[in-house]
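Visitor: fold the stuff below for me.
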Amino acid sequence: MGPPFHITMLFILSLLSLLSDPVFLTPIQNDAVFHYINDQQNEYIQRLKNWVAIESDSSDPSKRDQVNQMMEITKDYILNIGGEVEMAKIGEQEYSPGVKLPLPPVILAQIGNDKDKPTVCFYGHMDVQPAKKDDGWKTEPYTLQETNGNLFGRGTSDDKGQVLALLHAVESVKKFGLPVNVKLVIEGMEEVGSQGLEKLVEDKKDTFFSDVDYIVVTDTPWLSTKPGITYGARGNCYFMLEVEGAKRDLHSGGFGGTVYEAMSDLIYLLGQLVDVKGKILIPGVYDDVVPLTEQEKELYKNLEFSLDDMQADTGVKQLLHDTKAKILMHRWRYPSLSIHGIEGAFSGSGTKTVIPAKVIAKFSIRQVPNMNPSLIEKQVTDYLENKFSERNSPNKMKVSMVIGAQPWIADMNGPLYVAARNAVTKVFNTDADMIRAGGTIPIAKRFEEILGKPVMLLGIGGSDDAPHGQNEKISKYNYIEGTKLYASFLQEIPLV
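Guide: Here you go, the predicted structure:
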């Protein structure tokens, strides 16, 4: 004999109530969200096409109105899916003495305000790098074109496509019950340094950001075709090395062999920075690098990465290291020094026989966790001054560090990363590659420092998307399946 009817009904009603709570999304609801996303693919691609068509190049003052237009369109879409939006003003930008332009407003948006739910804040940007067909594009950069499963156009990967995938995911999950509160920080000046953003975050620390539990940056690529979650990035110490000799440029016919040439001094100094295998020669640079552990070493074994593909993509004949692990370690977890260019030297076509009076070399050191930019500045300056003194040249030398962005690394076993790994498994039926960025992502470090909250980089860009180059694209697969990844991630956050 079974339980009384009223007890059975109470149990059923309680179960239904539990299942209807969006925090406890069932696999059926999860599938329903994915089916909904599949049904909206054409709409998602059309919206990306419309957004790519807006030339929101933040580096060009003449296109500032289009950056502002892009911010308005983004705001309108967030409002359309049920969000609340503040267009936060962040001041002016001075392009040249006496010439100022208002900075594009930063979108601060919120979808959901339930104190019993966790709050996750996503960051992205709507501005893009410059692009012209004459630069070598196969298509018009601001006209989305689909070819062989790829969506070509400026901003498709960096960052309009990734932000749109997130917004589509929020909209999709919201239809079935959004289990988290979502906040959005979307700016229009990321490609030129995010001017004004850091101060805005500081100013809003105790208001807009006060209830934020997690921060996710949606502006990163995978290492390969396999989904990746980024838990660290190198910093960047950027240097100017100046050598000055004569008071004006000289003719090599009249003065060659009679003066100490600034260019010769500069080339000598640059040759003392790094050896042929990429080892930095500046004493003390490696002292604070975190030792490699056995646990970290294991991470590199299963990462999907091909040295042959890297060589084919870059066109180099030989890499500095001969194994996947060594290449990735020197790309992510060890410092590197790169020489970027020389200002003041003759670089045009022809055969101008000039002896430059003053030349400025530009080089940078990508530093890793535990390395201090202030200490690096001192090490570099002391080393170059010693080397210049040994050369015994009467010319003047000056070293200055113009950027000192710190490295960032997170606890990849924290709840935020567990939720992301679970989402990757459910969408792609594989484990996520846990990766670092070889470049620098200052906003991740600043979010962490100012707000004291866990930060993660969960992007959906492909490793070959060329986000700052010609023929930028995002694959249709990454765009649609990435939408599902964000949707699944939103559902996983309350469960960890």
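
Visitor: any idea which helix is longest in the chain?
Guide: Of all the elements of type helix in the chain, the one with the most residues (DSSP state H) is helix 373-391.

Visitor: what residues of the helix or strand where L490 lies count as buried?
Guide: Following DSSP states H and E, one finds L490 within helix 476-492. Buried residues in helix 476-492, counting neighbours by 16 or more other C-beta atoms under 10 Å, are found at 476, 478-492. Quick note: C-beta positions are derived from backbone N, CA and C, even for glycine.

Visitor: could you give the bridge partners of the nearest residue in space to F388 that is not next to it in sequence?
Guide: Using C-beta to C-beta, 6 or more residues apart in numbering and skipping residues adjacent in sequence, the residue nearest F388 is M397, 4.7 Å away. On the basis of DSSP bridges, M397 is bridged to V243.

Visitor: and M397, how many residues sit next to it?
Guide: Residues near M397, counting by other C-beta atoms under 10 Å, number 19.

Visitor: show me where the stretch 301-450 of the chain has strands.
Guide: Using DSSP state E, counting those that start in this stretch, the strands found in the stretch 301-450 of the chain span residues 336-343, 354-355, 358-366, 396-405, 408-409, 433-437.

Visitor: reformat those strands as a markdown table; add distance to C237 and mean pLDDT.
Guide: Compiled in a markdown table, the strands of the stretch 301-450 of the chain are given as follows (distance: least, C-beta to C-beta, whole Å; pLDDT from 0 to 100):
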| stretch | distance to C237 | mean pLDDT |
| --- | --- | --- |
| strand 336-343 | 9 | 96 |
| strand 354-355 | 31 | 96 |
| strand 358-366 | 5 | 98 |
| strand 396-405 | 6 | 96 |
| strand 408-409 | 14 | 94 |
| strand 433-437 | 16 | 95 |
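
Visitor: closest one to F305 among those strands?
Guide: Checking these against F305 by C-beta to C-beta gives strand 433-437 as the closest, at 8.3 Å.

Visitor: and the contacts of that closest one?
Guide: For strand 433-437, the external contacting residues (C-beta atoms under 8 Å, 6 or more residues apart in numbering) are 220, 222-224, 226-234, 299, 302-304, 332-333, 409, 412, 417, 457.

Visitor: show the buried residues in these.
Guide: With neighbours counted by 16+ other C-beta under 10 Å, these contain buried members at 220, 222-224, 226-234, 299, 303-304, 332-333, 409, 412, 417, 457.

Visitor: circling back: I'd say the residue nearest to F388 and E390 touch.
Guide: No: using C-beta atoms under 8 Å, M397 is not in contact with E390, being 11.9 Å away.

Visitor: just the terminal-to-terminal distance for stretch 242-254.
Guide: End-to-end distance of stretch 242-254 (C-alpha to C-alpha, to the nearest Å): 24 Å.

Visitor: go through it and flag the buried ones.
Guide: Neighbour counts using 16+ other C-beta under 10 Å place 242-246, 249-250 of stretch 242-254 among the buried residues.

Visitor: save those residues as TSV, and put in pLDDT too.
Guide: Converted to TSV, those look like this (pLDDT from 0 to 100):
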residue	pLDDT
E242	98
V243	98
E244	98
G245	97
A246	95
D249	95
L250	95
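
Visitor: which of the residues you listed lies closest to I45?
Guide: Using C-beta to C-beta, E242 comes nearest to I45 of the buried residues of stretch 242-254, at 49.7 Å.

Visitor: what's near enough to touch the closest one?
Guide: E242 touches 358-361, 396-400, counting by C-beta under 8 Å, 6+ apart.

Visitor: could you do K160 as well?
Guide: So K160 contacts 48, 51-52, 126, 128 (C-beta under 8 Å, 6+ apart).

Visitor: for these, which single residue is the most surrounded?
Guide: Highest neighbour count within the contacts of K160, by other C-beta under 10 Å: V128, with 33 neighbours.

Visitor: I'd guessed it sits against A53; true?
Guide: No: assessed by C-beta under 8 Å, V128 is found out of contact with A53, at 11.5 Å.

Visitor: elements contacting the helix holding L490?
Guide: Judged by 3 or more C-beta pairs under 8 Å, 6 or more residues apart in numbering; DSSP states H and E, helix 476-492 is in contact with helix 27-39, helix 41-52, strand 150-152, helix 160-176, helix 415-428.

Visitor: winner for burial among the ones you listed?
Guide: Stretch with highest mean neighbour count among those: helix 160-176 (a mean of 25; mean count of other C-beta atoms under 10 Å).

Visitor: got the angle between that one and helix 41-52?
Guide: Put simply, helix 160-176 runs at 140 degrees to helix 41-52, going by axes from the mean of the first three to the mean of the last three C-alpha atoms, to 10 degrees.

Visitor: got the domain ranges for the chain?
Guide: Residue ranges for the domains of the chain, per automatic domain parsing: 26-233+407-495, 236-289+339-405, 291-333.

Visitor: and among the ones you listed, the most buried is which?
Guide: Highest mean neighbour count among those (mean count of other C-beta under 10 Å): domain 26-233+407-495, a mean of 19.

Visitor: quick one: distance of that domain to the chain centre.
Guide: Here domain 26-233+407-495 is found 10 Å from its chain centre; the criterion is C-alpha atoms, centre = their mean, to the nearest Å.

Visitor: residues contacting the nearest residue to T353 once chain neighbours are set aside?
Guide: Leaving aside its chain neighbours, T353 sits nearest to S252 (4.4 Å; criterion: C-beta to C-beta, 6+ apart). The contact partners of S252, taken as C-beta under 8 Å, 6+ apart, are 353-355.

Visitor: closest to T156 among those residues?
Guide: Out of the contacts of S252, the member with the shortest distance to T156 (by C-beta to C-beta) is V354, at 43.4 Å.

Visitor: which ones are touching the closest one?
Guide: 249-252, 346.
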